[in-house]
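S.K.: Pasting a predicted model and its sequence here:
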Amino acid sequence: MSNIFSIGYNLFIKWPRRVFRLILLIGHLLVGILLSFIIFSPLVHSKLSKHWHQRIVGGWSRILCRICGLQVRYYGDITQAPALFVANHISWLDIFALLGTFQVFFLSKQEIQNWPILGWLVERVGTLFIRRGEFGASKQVSNVISEALCKNSNVLFFPEGTSTDGTSVRRFHARLFQAAIDTGVLVQPIALRYRQGENISLIIPYIGNDTLLGNLWRVLGETGLRVEIWFCPPISAHEKKRRDLSDYAQAQVLKVIMKDE
């Protein structure tokens, strides 16, 4: 009986919801492509201030989250730019939830660049894609981060190196924390928690052999989803080793993740 009810609920409630949201999402992605061509054209991009760039990118990202049925809530204060931000990684939605909250450049794994449409849009807003395993890649990326920080830009990366189910935090890789030491900027950890009602969401995590389209299809059928973005106290990189920085940042994120669990 419960199986029949589940099939009926998916067929008459979730399926129409998914189709409706998917139509909205496709239209929103087309708008994003058009905006990208306009915003990043040589004529417009050179005249567009950081403030208006953030308003456009942030607004578009917030609408994408709403279409996916995701409410975004954030806690704590964002440190002033430039700063190096590090966050735990759970879903492809992480990027858009964060872009809708503040202006930041991302470092992300190369695979994201190959996502249909979304990968292209993420690249257009200034994401730097990391080719894992290549000789000298970390040093090169660290130099790029330092250059961006010196230009008063915020930079964010996911130091776990992969996504998780959100119930814990993997040990942070320390190498890219060197950029904060070299430039003397603050490091601010960010803890992400996805909820459905009062429970940790089991739908949102994009892990294992999951596919982007498969994960998206499941998300579009759900209600009551929200992401909590916790801005932890910033950490001074002055006279610290990168392993010490990464371990302390990880501890702050883990403290939030395990909160009320």
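M.R.: In hand now; what should we look at?
S.K.: what about the strands in the stretch 151-261 of the chain?
M.R.: With DSSP state E, counting those that start in this stretch, the ranges of strands along the stretch 151-261 of the chain come out as 155-157, 186-196, 199-200, 225-231, 235-236.
S.K.: average pLDDT across stretch 14-29?
M.R.: The average pLDDT for stretch 14-29 rounds to 95.
S.K.: neighbouring contacts of that stretch?
M.R.: With contact meaning CB atoms under 8 Å, 6 or more residues apart in numbering, stretch 14-29 is reached by 60, 63-64, 67-69, 117-118, 121, 217, 220-223. Glycine gets a C-beta too; all of them are placed from N, C-alpha and C.
S.K.: how about the CA coordinates for that stretch, as CSV?
M.R.: Only the C-alpha atoms of stretch 14-29 are listed here, as CSV (Å, rounded to 0.1, in the frame of the first residue of the first chain):
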residue,chain,number,x,y,z
LYS,A,14,6.4,15.6,-7.8
TRP,A,15,6.4,14.9,-11.6
PRO,A,16,4.3,18.0,-12.5
ARG,A,17,6.4,20.1,-10.0
ARG,A,18,9.6,18.9,-11.7
VAL,A,19,8.3,19.7,-15.2
PHE,A,20,7.1,23.2,-14.2
ARG,A,21,10.4,24.1,-12.4
LEU,A,22,12.4,22.6,-15.3
ILE,A,23,10.7,24.9,-17.8
LEU,A,24,11.4,27.9,-15.5
LEU,A,25,15.0,26.8,-15.1
ILE,A,26,15.6,26.4,-18.9
GLY,A,27,14.2,29.9,-19.4
HIS,A,28,16.4,31.3,-16.6
LEU,A,29,19.5,29.6,-18.1
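S.K.: Off-centre distance for that stretch?
M.R.: Averaging C-alpha positions (CA atoms, centre = their mean, to the nearest Å) puts stretch 14-29 21 Å from its chain's average.
S.K.: try stretch 220-228
M.R.: 16 Å.
S.K.: And the contacts of it?
M.R.: By CB under 8 Å, 6+ apart, stretch 220-228 touches 10, 14-15, 17-18, 21-22, 25, 65, 68-75, 93, 97, 191-197, 201, 203-204, 219.
S.K.: picking up where we left off before, export the strands of the stretch 151-261 of the chain to JSON lines and tack on mean neighbour count and distance to Ala83?
M.R.: Formatted as JSON lines, these follow (neighbours: other CB atoms under 10 Å; distance: least, CB to CB, whole Å):
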{"stretch": "strand 155-157", "mean neighbour count": "25", "distance to Ala83": "8"}
{"stretch": "strand 186-196", "mean neighbour count": "22", "distance to Ala83": "5"}
{"stretch": "strand 199-200", "mean neighbour count": "13", "distance to Ala83": "28"}
{"stretch": "strand 225-231", "mean neighbour count": "20", "distance to Ala83": "10"}
{"stretch": "strand 235-236", "mean neighbour count": "17", "distance to Ala83": "10"}
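S.K.: show me what contacts the residue lying closest to Tyr75 once chain neighbours are set aside?
M.R.: Excluding the flanking residues, the one nearest Tyr75 by CB to CB, 6 or more residues apart in numbering is Trp230, at 5.0 Å. Neighbouring residues of Trp230 by CB under 8 Å, 6+ apart: Tyr74, Tyr75, Gly76, Ile190, Ala191, Leu192, Arg193, Val256.
S.K.: The second one reaches Lys259, doesn't it?
M.R.: No - the criterion here is CB atoms under 8 Å, and Tyr75 misses it with Lys259 at 10.6 Å.
S.K.: if we can go back for a sec, in helices, which of the contacts of stretch 14-29 appear?
M.R.: Judged by DSSP state H, the subset of those located in helices is Trp60, Ile63, Leu64, Ile67, Leu118, Leu121, Trp217, Leu220.
S.K.: Many thanks, I have nothing further to ask.
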